[in-house]
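A.B. asks: Kindly generate the corresponding structure for this input.
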Amino acid sequence: MNVLFSTLALSALLAAPLAAQAGARRAAPSTRAITEVSLTLVDTAAQRAAGKPALMRIDYGQPHLRGRKINTDSLVPFGTVWRLGANAATLFTTDVDLTIGGKDVPKGRYVAQVLPARTGWTLILQAETTGAASVGVTPYDAKKDAARIELRQSTIATPMESLSIWLVPSTAPGAQRGELRIGWDTVLLTTEWVVR
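C.D. replies: Numbers count the residues shown, from 1 in each chain. Predicted coordinates:
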């Protein structure tokens, strides 16, 4: 009897701190994510002098569904420009001139946003010139648009819990190219990019 009581008392003492720890540690509502492609360009004196490859990079806040659906009034409503992520603005940086979805995008740094609609989504790039490591979200201003790119939309069979963005390079010969993919919940958005 004493052994059983001692075992139960010890179990209760050990369980209390574990329960407190479990309650104190929760998954964050969003995380930060980066997708990056390193480009090997034609060897030039300028590239050798720079001593580094040209990059394409997207730095974004990665929200999670946590039981929600994306196209609702409280998360990503149709017909309203959305910041394409969580917390700070999503930043798209390119060291080379690109064509994305048929639109010319000069090398530089951009704030990326999307306009979701039932008939299709549009990627919106606006020039970002502060150079700050993190850029806060500001109200959308159409006068600042550098490019509006129509995205192809398809449905994913298994919902994705977290917003994910990929820059997928192609291995085909010729100009360096690839695909930009954005996926969340059951929505997959895509468009091509090519180095000019």
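A.B. asks: where along the protein do the strands fall?
C.D. replies: Secondary structure of the chain (DSSP state E): strands at 30-39, 54-63, 90-94, 98-100, 103-105, 108-115, 121-127, 145-169, 177-195.
A.B. asks: Now render those as a markdown table, adding mean pLDDT and distance to Ser134.
C.D. replies: (Each C-beta comes from the backbone N, C-alpha and C, glycine too.) Converted to a markdown table, these look like this (pLDDT from 0 to 100; distance: least, Cβ to Cβ, whole Å):
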| stretch | mean pLDDT | distance to Ser134 |
| --- | --- | --- |
| strand 30-39 | 85 | 9 |
| strand 54-63 | 93 | 9 |
| strand 90-94 | 96 | 8 |
| strand 98-100 | 97 | 23 |
| strand 103-105 | 98 | 22 |
| strand 108-115 | 96 | 12 |
| strand 121-127 | 97 | 16 |
| strand 145-169 | 96 | 17 |
| strand 177-195 | 96 | 21 |
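A.B. asks: who wins for proximity to Leu75 among those?
C.D. replies: strand 54-63 (8.2 Å; Cβ to Cβ).
A.B. asks: in its sheet, what does the closest one sit against?
C.D. replies: Here strand 54-63 is paired, per DSSP bridges, with strand 30-39 (antiparallel), strand 90-94 (antiparallel).
A.B. asks: quick one: that strand to chain centroid distance?
C.D. replies: 6 Å (Cα atoms, centre = their mean, to the nearest Å).
A.B. asks: Report how many residues lie close to Gln113.
C.D. replies: A count of nearby residues for Gln113, using other Cβ atoms under 10 Å, gives 20.
A.B. asks: looking at the strands of the chain, which is closest to Lys69?
C.D. replies: Here strand 177-195 is closest among these (Cβ to Cβ), at 6.2 Å.
A.B. asks: Show me what that closest one is packed against.
C.D. replies: On a contact count with 3 or more Cβ pairs under 8 Å, 6 or more residues apart in numbering; DSSP states H and E, strand 177-195 meets strand 98-100, strand 121-127, strand 145-169.
A.B. asks: Between those strands, which one is closest to Asn87.
C.D. replies: Comparing the helices and strands packed on strand 177-195 by Cβ to Cβ, strand 145-169 comes nearest, at 11.9 Å.
A.B. asks: From the chain's centroid, how far away is that closest one?
C.D. replies: What separates the centre of strand 145-169 from the centre of its chain is 9 Å, taken as Cα atoms, centre = their mean.
A.B. asks: could we number from 18 for the rest of this?
C.D. replies: From this message on, residue numbering opens at 18, which makes the last subject strand 162-186.
A.B. asks: Going by neighbour count, which residues in that strand are buried?
C.D. replies: 163-164, 166, 168, 170, 177, 180, 182, 184 (16 or more other Cβ atoms under 10 Å).
A.B. asks: Fine by me, we can end here.
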